[in-house]
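*Asks:* Sequence first, predicted coordinates after that:
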Amino acid sequence: MRPESALDREAQSRATSVYLVDRVVPMLPERLSNGICSLRPDEDKLTFSTIFEMDSKARVVSARIARTAIRSNRRFTYEEAQDIIETGSGDYADEVLTLDRLAKQLRARRYENGAVEFDRAEVRFEIDGDGRPTSVYFKESKDANKLIEEFMLLANRTVAETIGNPGGKKKPKAFVYRVHDMPDPGKLADLATLSRSFGYKVRESGSARDVNRSINRMLAEVKGRGEENYLSTLAIRAMAKAIYSTVNIGHYGLAFDYYTHFTSPIRRYPDMMVHRLLEKYLAGGRSVNAAKLEDQCKHCSDMEQLAANAERASIKYKQVEFMQERLGQDYDGMISGVTEWGLYVELTENLCEGLVPVRDLADDYYDLDDKNHCLIGRRNGTRYRLGDAVKVRVARADLEKKQLDFVLVDDFGQLKHERQEKPATFKEAMATSGKSRGDKSRKTRKRDNRSRRR
């Protein structure tokens, strides 16, 4: 694809492919992405390759980057490769098993160096012919997925270090890095506090390696428990967002000093930029204009964030659409957010999140204890705290707003908060108080108003 052609300008504008639940909005036309640029079996393809010689402990003995022509012998689905890893037999079993063994050693070394391990299940949908979700399931990262991930990381890291660390007294040329800053201290402190409330310890100070090891330990201990998704989400939110930049600060989450995106030029424009820079620099070309390159990096980062927002909105839309057919049904869940307007609850079965409005907690007036992340009833002292297990009923589903409303129920399916137990308004509450305490109620209200003004 020629730079500054109409096709290139459109790809640069989009900057990334967008993966919605029921469709893909590609960065490049499908004739390119699924045809000419696709590594289809038994076809010669022109490629940029990172070529490694490794020893039995997955240490890189030598590496080089080259323009190559390759012919793929076999295309595997992740499921096919996973079956080979699990059974030890199948097409190219020796090669796949060797790669799996090396990948596991690479991964172990990354974590030893302080990388953070986020291994969350992703929400997926079965879609019928009309585009409606019929079921929700979780996609988990298995050994085959992790095998590909490790060698992509190795390629990306090698390319970034080749350009960013030329050796000797040579000055690095302008380049596109994938950078990830340190976590926000306040969010890290919140993660440590909330993890502690569940009985897990996360360090909020010390070296990056020690902090990340404590996060990994918590994520391993929480695996399979009810609070797993909640705490792993908090851990992700504590992290800074990775972006593209010409200023290399390293990648905190991966524990790499040099990192870029090189492996997916079909679906990410920064990878295409990296390929062009590699071609230029490996041929001895001069450094490009860093300021212009930084502008392109910022655009790609912005578009990546827009794509991520669209993908999340797509998932939320399909979740609400799925739950529309399940009004009145009861589910187990966990309180995932506490606000003055209600409780957010995430369902254990399908990770759909909805709101229990505070107006539906009708047996009492509930106040927000922001410090302890809970709502507390003024009269009865009932406390709803972040992370509490609850049972809810699906009350409303607004597809246009992508919102779900729940009500709390007990283990027998009875509503937990009956409206008649609570005075409907503050005025009625004071009137009720006045009846039992004589005519002092009006004076009390005036005194209260004066104290508020002070």
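*Replies:* Alright, I've got the coordinates.

*Asks:* ok, the nearest residue to Arg75 once chain neighbours are set aside to Lys401 distance?
*Replies:* Counting by C-beta to C-beta, 6 or more residues apart in numbering, Arg75 lies nearest to Pro41, which is 5.0 Å off, once chain neighbours are set aside. Yep, even glycine has a C-beta here, placed from its N, CA and C like the rest. Note on Pro41: its distance to Lys401, by C-beta to C-beta, to the nearest Å, is 47 Å.

*Asks:* pLDDT score for the nearest residue to Glu43 once chain neighbours are set aside?
*Replies:* In this structure, Glu43 finds its nearest non-sequential neighbour in Arg71, 6.8 Å apart by C-beta to C-beta, 6+ apart. Arg71 is assigned 96 on the pLDDT scale.

*Asks:* thinking Arg71 is in contact with Leu39, fair?
*Replies:* No - look at Arg71 against Leu39 with C-beta atoms under 8 Å: they stay out of range, at 9.2 Å.

*Asks:* Provide the secondary structure category for the residue nearest to Glu43.
*Replies:* strand (DSSP: H, G, I helix; E, B strand; the rest coil).

*Asks:* How many residues are close by it?
*Replies:* 11 (other C-beta atoms under 10 Å).

*Asks:* Could you say which helix or strand holds Leu7?
*Replies:* If you go by DSSP states H and E, Leu7 is part of helix 6-14.

*Asks:* so how far is that helix from its chain's centroid?
*Replies:* Remark: helix 6-14 is offset 27 Å from the chain centroid, using C-alpha atoms, centre = their mean, to the nearest Å.

*Asks:* same question, stretch 240-259
*Replies:* Using C-alpha atoms, centre = their mean, the offset of stretch 240-259 from its chain centre is 17 Å.

*Asks:* Tell me the buried residues in that stretch?
*Replies:* 242-246, 248, 250-256, 258-259 (16 or more other C-beta atoms under 10 Å).

*Asks:* Now the terminal residues of it, how far apart.
*Replies:* 16 Å (C-alpha to C-alpha, to the nearest Å).

*Asks:* For the stretch 1-150 of the chain, which segments are assigned as helices?
*Replies:* Using DSSP state H, counting those that start in this stretch, the helices found in the stretch 1-150 of the chain span residues 6-14, 30-31, 78-87, 93-112, 143-164.

*Asks:* Determine which stretch of these is the most buried.
*Replies:* Highest mean neighbour count among the helices of the stretch 1-150 of the chain (mean count of other C-beta atoms under 10 Å): helix 143-164, with a mean of 20.

*Asks:* Can you check which residues contact both of Arg71 and Leu39?
*Replies:* Taking C-beta atoms under 8 Å, 6 or more residues apart in numbering as the contact rule, Arg71 and Leu39 both touch Lys45.

*Asks:* Next one, pLDDT for Asp257 please.
*Replies:* pLDDT at Asp257 comes out at 97.

*Asks:* contacting residues for Ala121?
*Replies:* So Ala121 contacts 138-140, 229 (C-beta under 8 Å, 6+ apart).

*Asks:* Now, of the residues you listed, which are buried?
*Replies:* The buried subset of those - by 16+ other C-beta under 10 Å - is Asn229.

*Asks:* now the contacts of Ala121 as a markdown table including pLDDT and distance to Ala103?
*Replies:* Shown next, in a markdown table, are those (pLDDT from 0 to 100; distance: C-beta to C-beta, whole Å):
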| residue | pLDDT | distance to Ala103 |
| --- | --- | --- |
| Phe138 | 89 | 22 |
| Lys139 | 89 | 19 |
| Glu140 | 86 | 17 |
| Asn229 | 79 | 26 |
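
*Asks:* Shouldn't Asp295 be within a helix?
*Replies:* Yes - for Asp295, which was evaluated using three-state DSSP, the result is membership in a helix.

*Asks:* Report how many residues lie close to it.
*Replies:* 12.

*Asks:* list the contacts for Asp42?
*Replies:* 71-73.

*Asks:* And it, how far from Met27?
*Replies:* Taking C-beta to C-beta, one finds Asp42 at 26 Å from Met27.

*Asks:* all helices for the stretch 351-454 of the chain, in order.
*Replies:* 426-437, 441-453.

*Asks:* Following the chain past the helix or strand hosting Cys300, name the next helix or strand.
*Replies:* Element membership for Cys300 (DSSP H and E) is helix 290-324. Using DSSP H and E, the next helix or strand after helix 290-324 towards the C-terminus is strand 330-339.

*Asks:* which residues does Ser232 contact?
*Replies:* Ser232 neighbours (C-beta under 8 Å, 6+ apart): 118, 120, 219, 222.

*Asks:* Can you tell me the SS state at it?
*Replies:* Here Ser232 is recorded as helix under three-state DSSP.

*Asks:* Likewise for Gly285?
*Replies:* coil.

*Asks:* so the residue nearest to Arg75 makes contact with Phe76?
*Replies:* No - here Pro41 does not reach Phe76: they are 10.0 Å apart, not a contact under C-beta under 8 Å.

*Asks:* more crowded one of those two?
*Replies:* The neighbour comparison of Pro41 against Phe76 (other C-beta under 10 Å) goes to Phe76, with 17 against 10.

*Asks:* Which pLDDT value belongs to the more buried one?
*Replies:* At Phe76, pLDDT is 96.

*Asks:* what about it, distance to Ile266?
*Replies:* On the measure of C-beta to C-beta, Phe76 and Ile266 end up 18 Å apart.

*Asks:* cool, Gly342 as well?
*Replies:* Taken as C-beta to C-beta, the span from Gly342 to Ile266 is 43 Å.

*Asks:* The two: which is more packed in?
*Replies:* Legend: neighbour count by other C-beta under 10 Å for Gly342 and Ile266, higher for Gly342 (22 against 18).

*Asks:* wait, isn't the more buried one in contact with Val356?
*Replies:* Yes - if you go by C-beta under 8 Å, Gly342 and Val356 touch, sitting 5.3 Å apart.

*Asks:* Outside of stretch 153-161 itself, list whatever touches it.
*Replies:* Against stretch 153-161 from outside (C-beta under 8 Å, 6+ apart): 50, 52, 60, 63, 65, 106, 110, 175, 177-178, 248, 254, 256-263, 274, 278.

*Asks:* Secondary structure class of the nearest residue to Gly337 once chain neighbours are set aside, three-state.
*Replies:* In this structure, Gly337 finds its nearest non-sequential neighbour in Tyr344, 3.3 Å apart by C-beta to C-beta, 6+ apart. Using three-state DSSP, the structure places Tyr344 in strand.

*Asks:* got the end-to-end distance for stretch 108-128?
*Replies:* 41 Å.

*Asks:* dump the residue contacts of Arg208.
*Replies:* Slight slip there: residue 208 is Ala, not Arg. If you count contacts by C-beta under 8 Å, 6+ apart, then Ala208 has 114, 182, 252, 255 around it.

*Asks:* Looking at per-residue confidence, what score does it get?
*Replies:* Checking the pLDDT column for Ala208, the value is 88.

*Asks:* measure it to Tyr366 for me?
*Replies:* 40 Å.

*Asks:* What mean pLDDT does the helix holding Leu7 get?
*Replies:* 97.

*Asks:* Stretch 368-378 now?
*Replies:* 90.
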